[in-house]
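1. Structure here, sequence nowhere to be found:
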């Protein structure tokens, strides 16, 4: 399956500010990249945009991270990738087994621990109450995912940057990152490594649902590998574009600015292309305005 | 300066349980090790102790981590190191400058982020209120350290595993880890990388203060290197034995058991030795019972 | 000064649900009522509205509380009062003294205690840090009010029903109730009784600011009486219509439904009338749409 | 049944401090008082104790509250009551029905609301998950009481004054007040009024359990009256001496000091007397040291 994934995000900075961005596809997807995975950072003041120097490095989780010193004024971060990804919807490995902790690869162990938004230490009793009776392995993972999906309502207006898994558990409402934080926390409590994923999931082979955005999901470690799980969209979906992994959203902010940055423009789309590079129609069609710039 | 650092920690496990331990000296101290840095893990049931197989690996922060499958019953973790360390008290680099975020080494950036016990995202306003007026660099670091030391009271009985920097800020009481969590959080809010350290700090060249324990402190990144800071013992001290570093206490638990483990015995001591390998007397003397077993 | 205060609030109830409402003017204003202070509760299903039976009682704080059993369907709560109130802006009693706790009237003591959204027990240290140096009495009250007004930003979209004074202190953003909760908490920490007020404050003798709403402010006990204070609108204002007082918002919800109730319509206005009963023009004028229904 | 209930509590005050105390038996028990229910407050400095003037009033919940201006130094609060109480253990009204909210007496409604330690607004989903299936009325009350008793472990060392129902729910450990706070919160979520009770419950007709203390339990409103429930001692017990009721522990602190007060001595006992005024032996006996002073 071919995907075109693009974004154009603009901020106004009252003062010069250093910034970080996680806006590349994840190194694990690089072999499928058909066009360069370039992040362009521009200063939009004056007559023509000025391209800023961007330093790249791999962070502690192996994500391709970018850093730049942004001058005051309007800043644009943009990019466009064409890539080939697996056309299969998320696998449902119903027989996948849970490894005993003593057999987990060492690098996976950190995804059992408590982190900023996933307070594993607070959920021990709750997780046992709710999921102590389930069978280890995929059935337990699926029970947690389904429970979160069923109990939590989606509402964009309830998003806030300080919202933890405990807040989601009590308020029962949130956005995609909140669903995943709660599910990750409960999964870790059951000794299954779980990590947070930030990426894109466009309307691929499903009816149009609205303007694009980044999306969060998570991965669990069973049978010696990571598997995608999504407590928000609780149906197997094709077309995920993984951009960064971490313990939780604190590790994989799309952008981090060390000073004030006011969001002014936000365009993110991910769509399927056919072999000729044309947009694949959606079942039920796609509104005209979605014609992505530059297509 | 020569140190003898030793511990004997025993648990009763109702059931077989996998465990992790961070009980080695940190790799950065290995060049000073005069005797082997061995962690011995024994099962104490039956007539003679049985030594358990221990797997070693470096965790995501470069700490020497141990993992073993502990059978039910009594488990002893013990070790004894003799090592040579710098005899100077903690440096006070009063002129050390704070690097702009854009100049920090990438591997240091994670120590600016929010973590389980250090909710950087909650303290932005508080940190600006309290320390916005201070000069960048060491003066800012010292102002934060001094404020925490002054405002928070020490009380062993207030320790709890779920206590966050925010809890310390409101309750104003805690143990060493709590002092450091609050100071780390405030330091990160001012864009200075700060990481949590777990190790030992015995009564070295100071009067006897009581039975030994592990100790937490923190490190800040200024002028291109890490510096020890201690918001609990706010005086320069010699004789720190660094064992593990991480974002906060969630990353560097001395032991982590994935099942119930009841602490039954806890002996930790770190003392200065002279060149002949004898204990160096403390100013004011040392009570007889402190004669460490095997000395 | 004459005011016309009115509201029309409508809910859809999926099922029959008991409800409480605090929608009368406070008994202390009753002597100024020129028309009856009636709350009308109607069921809007069928051809004509059916008026529901409403029981009235005084709650523990002396507020006029209404209770009714609402059937499923659409419910309207409406009322319209004309009343005469003091035309003076909020008094600024700069010399008002703080009573020692031992001299406070017993019924006032409860407004020193911690309550749901005002965690007095968590703010002791913070309050001393910030306001320990201020002079007792009005100067202290004003210092707290000004600090909250200065540090907290107003944003409707950050409202949530679980938001406590501590959340406001850390997030530094909120709606009117949040400003008051933080100010009340800090005021109580300094041993000055403070209670939460729910009422109306229309655009009276100030330029038009937008559609009306209920408003929260608070009162402090100095010199033997309650004084209005408003950490959100930090300027003396005339035209407050007090409806209910309590420890915090948990005590004085405008409506409480013991089952699901979805808000469908919300109209609240409070405006000044002249002696002929006509709306008094605002400086700068009032948009046409504000013509209140029935005027 | 005759009870002798006594206490001797001493503080050291570094400075003169106003204090409140709730140390009388509740007005509802006054008809059973056989000796006067006097609270004596003394200043212990100098050669002889000086009795302090104590003002009495009823607080907002009808409790007999005392207030006094304590000078610096050592303060003793003491009292001794002999009273006749019902000898029956706590009733278990298995058929008691839950009143619809619209039929509750107005003065009971406040015990459905959120309060400082009972965050009803945070537990809606949890309460429905756990108890939504139970039958209304006593069965629901008993299910909540039993669940809390089963899930929470008792541990004196985990007491802290800021601990909320949510903390108890996550930490699963606490003292008597913590058990009751969690049970009260869950009970209110199910629309059953629940209030916190502070009083005494000695070792009456049960084997000796240790030195006396005050005790917290709660009451639920069913069938038109309050019933005692105790999620800590989940067995019907005789001999409760009710001292004060409120929404939660914030309302009924035994003593409140508006300045520093260090506890120096704490003696509380409640024991059964026979008709001759002698202590009734306990099954298994009572240690000699329990001989109460002055008996």
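-> It's in. Here the structure is a predicted model, which means the values were calculated and not measured.

2. doesn't residue A:184 make contact with residue A:145?
-> No - using Cβ atoms under 8 Å, residue A:145 makes no contact with residue A:184, being 10.3 Å away. C-betas here are computed from N, CA, C, even on glycine.

3. Look at the residue nearest the centre of chain A and tell me its secondary structure.
-> By Cα atoms, centre = their mean, chain A has its centre lying nearest to residue A:198, at 1.7 Å. Secondary structure assignment for residue A:198 (DSSP: H, G, I helix; E, B strand; the rest coil): strand.

4. So what's the residue count around residue A:252?
-> Residue A:252 sits with 25 neighbouring residues when counted by other Cβ atoms under 10 Å in any protein chain shown.

5. coming back round to it: so what sits against both of residue A:145 and residue A:184?
-> In terms of Cβ atoms under 8 Å, 6 or more residues apart in numbering or on different chains, residue A:145 and residue A:184 are not both contacted by any residue.

6. Same drill for those two, tell me which one is more crowded.
-> For residue A:145 versus residue A:184, neighbours defined as other Cβ under 10 Å are more numerous around residue A:184 (33 against 22).

7. Please tell me I have it right and the more buried one contacts residue A:197.
-> No - using Cβ under 8 Å, residue A:184 is not in contact with residue A:197; the gap is 9.9 Å.

8. which bits of chain A sit near chain C?
-> Counting by Cβ under 8 Å from any Cβ of the partner chain, the residues of chain A close to chain C are A:157-158, A:160, A:162, A:170-171.

9. which element is the residue in chain A sticking out farthest from the centre on?
-> The centre of chain A is farthest from one residue, residue A:47, which by Cα atoms, centre = their mean lies 35.2 Å away. Using DSSP states H and E, residue A:47 falls within no helix or strand.

10. again with residue A:267
-> Going by DSSP H and E, residue A:267 is in strand A:262-273.

11. do residue A:80 as well
-> With DSSP H and E as criterion, residue A:80 is part of strand A:73-84.

12. Is there proximity between that strand and chain B?
-> No - Strand A:73-84 stays clear of chain B (Cβ under 8 Å from any Cβ), getting no nearer than 14.0 Å.

13. re the thing from before, does the strand holding residue A:267 come close to chain B?
-> No - Strand A:262-273 stays clear of chain B (Cβ under 8 Å from any Cβ), getting no nearer than 15.8 Å.

14. Could you list the low-confidence segments of the stretch 151-295 of chain A?
-> A:288-295 (pLDDT under 70).

15. What residues does chain A have near chain D?
-> A:122-126, A:129-130, A:151, A:166, A:169-172.

16. mind checking which helix or strand residue A:226 is in?
-> Residue A:226 belongs to strand A:225-229, assigned by DSSP H and E.

17. The stretch 1-150 of chain A: helices as residue ranges?
-> Assigned by DSSP state H, counting those that start in this stretch, the helices in the stretch 1-150 of chain A fall at A:124-131, A:138-151.

18. highest average neighbour count across those?
-> helix A:138-151 (a mean of 20; mean count of other Cβ atoms under 10 Å in any protein chain shown).

19. what helices or strands is that one leaning on?
-> helix A:124-131, helix A:176-189, strand A:214-222, strand A:225-229 (3 or more Cβ pairs under 8 Å, 6 or more residues apart in numbering or on different chains; DSSP states H and E).

20. Would you format the ones you listed as a markdown table with distance to residue B:264 included?
-> A markdown table is the format used below for the helices and strands packed on helix A:138-151 (distance: least, Cβ to Cβ, whole Å):
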| stretch | distance to residue B:264 |
| --- | --- |
| helix A:124-131 | 22 |
| helix A:176-189 | 26 |
| strand A:214-222 | 33 |
| strand A:225-229 | 38 |
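
21. any idea which of these is most buried?
-> helix A:176-189 (a mean of 28).

22. Run through the residues that contact residue A:156.
-> So residue A:156 contacts residue A:175 (Cβ under 8 Å, 6+ apart).

23. What residues are bridge-paired with residue A:194?
-> residue A:220 (DSSP bridges).

24. That one: what's it in contact with?
-> Residue A:194 neighbours (Cβ under 8 Å, 6+ apart): A:111, A:183-184, A:187-188, A:218-221, A:229.
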